[in-house]
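> compute the structure for the input listed below.
(chains A, B, C and D)
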2 protein chains.
Amino acid sequence: MRVDARRNRDRLVAAATAVIAEQGPAASLNEIAQQAGVGAGTLYRHFPTRESLLLEVFTTRIETLCARAHELAESRSPSDALTAWLEAFLQHCRTDRGLAETIMKAPSGSDLNCAVKLRTAGAGLVARAQEAGVVRAGVEVEDILQLTIGIALAADSPARAERLLSIAIVGLRG
Amino acid sequence: MRVDARRNRDRLVAAATAVIAEQGPAASLNEIAQQAGVGAGTLYRHFPTRESLLLEVFTTRIETLCARAHELAESRSPSDALTAWLEAFLQHCRTDRGLAETIMKAPSGSDLNCAVKLRTAGAGLVARAQEAGVVRAGVEVEDILQLTIGIALAADSPARAERLLSIAIVGLRG
DNA sequence: CAACATGCGGAGAGCCTCTCCACATGATAC
DNA sequence: GTATCATGTGGAGAGGCTCTCCGCATGTTG
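The predicted structure is shown next:
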């Protein structure tokens, strides 16, 4: 990749982070390009869809969550680890509604690897929980993530979100 | 209100219902106006915001759901009635995603009583289910509705939505 | 059947997304 | 250093959207 291309890409992500933080995930792509000091064409070359740009913006957050999954897997019981991780995930999704929507819309078969990373990180915790009998067989990581995202999107308060998540976790045991 | 104004308003709601069912709640208002056979100005005079139009469209559906709740309460066991009603609610929310979002965003204290009506209708089913021990005490109607709305918003397929709902229902029993 | 209040349509302003291609600019070979 | 070429660039432009505005049409009323 040419060095100028790399530089423009980085500028775009920085500008997008700022503008999205301010205006939400539906912010104008034109404005992001302008703030990055590049043409609209350049933005669209690097990020063919709005989602691909958002995913890049949220990559840092997603990687934090992945790291947390590994920590928890080593330091807690299968049940606690999964619960704690889902709570952290829920928190992130609520803080940044755009994050939830972005992960949600990312096609599960896509190569946009941050969403994939998140699923992989979650998969470890879920597998352990299933071995320990805390989650019944047949439940997929994807189920659990989507349920959590849904709760983040629909809950009207943090307390409610916590409560709904705990209901969902009970349901996982089956 | 002049009779032609009334007629146009009705046409708009009908057209909006059709177009939104097909294209989702972000459908073009232009197209709705066109399909209703009126000018854009007429649409905006009757419905100053997109939200106001959506609300009108969904009122009918919400009333249908309320009626369904009463039917089910009389014809089915407490458990079946609640499950069937939630499935119907889920279906509606998924059919027009806008319904879910509209109910979700309706401020709880507002006089937009569609959300209130829905909650009242659901409350009867939940109370019966709690008496029958199918739902544990402490769970509120609002919890169940929000959980279902969340599932509708986040699920990536009808099959997944069904599955997530059944997980949630298991969780309700505690 | 005036005369008036009300409602109407659709052109147009100002956004937006996304495409396209002549031109600029790193990278590479000599 | 420079010639060559693949790669990347900017911004004009097409087409669509939302929303406003106002001259004109049409119910309504006395």
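> where does the longest helix along chain A sit relative to the chain's centre, distance-wise?
Counting by DSSP state H, the longest helix found in chain A is helix A:50-75. Centroid separation between helix A:50-75 and its chain, computed with CA atoms, centre = their mean, to the nearest Å, is 6 Å.
> buried set for the helix or strand A:L165 falls within?
If you go by DSSP states H and E, A:L165 is part of helix A:158-173. Neighbour-count burial for helix A:158-173, counted by 16 or more other CB atoms under 10 Å in any protein chain shown, picks out A:160-161, A:163-165, A:167-172. Placement of C-beta: from N, CA and C, glycine included.
> the residue of chain A found nearest DNA strand D: neighbour count?
Using CB to the nearest atom of the strand, the single residue of chain A nearest to DNA strand D is A:G41, 1.8 Å away. A:G41: 9 surrounding residues under other CB atoms under 10 Å in any protein chain shown.
> what of A:E131?
A:E131: 11 surrounding residues under other CB under 10 Å.
> and it, how close does it get to B:E51?
48 Å (CB to CB, to the nearest Å).
> low-confidence ranges in chain A?
Counting by pLDDT under 70, chain A shows low-confidence ranges at A:106-113.
> can you list the residues of chain A near DNA strand D?
Contacts of chain A with DNA strand D, taken as CB under 7 Å from any atom of the strand, map to A:1-2, A:4-5, A:7-8, A:37-42, A:44-46.
> residues in contact with the next helix-or-strand element following the longest helix of chain A?
The C-terminal neighbour of helix A:50-75 among helices and strands, as given by DSSP H and E, is helix A:78-95. With contacts defined as CB atoms under 8 Å, 6 or more residues apart in numbering or on different chains, helix A:78-95 is touched by A:61, A:65, A:68-69, A:72-73, A:75-76, A:99-100, A:103, A:122, A:125-126, A:128-129, A:131-132, A:134-135, A:144-145, A:148-149, A:151-153, A:155, A:158, A:161-162, A:165, A:169.
> list the residues that contact A:Q130.
A:136-137, A:139.
> now render those residues as JSON lines, adding distance to B:A84.
As requested, the contacts of A:Q130 are exported to JSON lines (distance: CB to CB, whole Å):
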{"residue": "A:R136", "distance to B:A84": "23"}
{"residue": "A:A137", "distance to B:A84": "27"}
{"residue": "A:V139", "distance to B:A84": "23"}
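> could you chop chain A up by domain?
Domain ranges of chain A: A:1-48, A:51-173, per automatic domain parsing.
> is the first one anywhere near DNA strand C?
Yes. Contact between domain A:1-48 and DNA strand C is present through A:2-4, A:28-31, A:40-41, A:44, A:48 (criterion: CB under 7 Å from any atom of the strand).
> sec struct for A:V135, please.
Taking DSSP: H, G, I helix; E, B strand; the rest coil as the rule, one finds A:V135 in the coil state.
> buried ones in stretch A:56-73?
Here stretch A:56-73 shows A:56-59, A:61-62, A:65-66, A:68-69, A:72-73 as buried, counting by 16+ other CB under 10 Å.
> ChimeraX command to pick out the buried ones of the residues of domain A:1-48 next to DNA strand C?
Buried residues within those, by 16+ other CB under 10 Å, are selected in ChimeraX with:
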select /A:29
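> farthest pair in the residues of domain A:1-48 next to DNA strand C?
Taking CB to CB, the two most distant members of those are A:V3 and A:S28; they sit 28.0 Å apart.
> which strand or helix spans the residue of chain A closest to DNA strand D?
According to DSSP H and E, A:G41 maps onto helix A:40-46.
> coming back round to it: out of the contacts of A:Q130, who's nearest DNA strand C?
Using CB to the nearest atom of the strand, those come closest to DNA strand C at A:V139, 34.7 Å.
> any idea how far that closest one is from chain B?
According to CB to the nearest CB, to the nearest Å, A:V139 stands 7 Å off from chain B.
> columns distance to B:K117 on top of the buried residues of helix A:158-173, output as a markdown table?
Output for the buried residues of helix A:158-173, formatted as a markdown table (distance: CB to CB, whole Å):
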| residue | distance to B:K117 |
| --- | --- |
| A:R160 | 21 |
| A:A161 | 25 |
| A:R163 | 24 |
| A:L164 | 22 |
| A:L165 | 28 |
| A:I167 | 24 |
| A:A168 | 26 |
| A:I169 | 31 |
| A:V170 | 29 |
| A:G171 | 27 |
| A:L172 | 32 |
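> ok, and of the residues you listed, which contact DNA strand C?
On the criterion CB under 7 Å from any atom of the strand, none of the entries of the buried residues of helix A:158-173 sits beside DNA strand C.
> what does A:G24 show for phi and psi?
The phi/psi pair for A:G24 (degrees, to the nearest 10) reads phi 90, psi 170.
> just give me the neighbour total for it.
A:G24: 12 surrounding residues under other CB under 10 Å.
> element containing the closest residue to it other than its chain neighbours, please.
Leaving out its chain neighbours, the residue that sits closest to A:G24 by CB to CB, 6 or more residues apart in numbering or on different chains is A:G98, at 6.4 Å. Using DSSP H and E, A:G98 sits within helix A:97-105.
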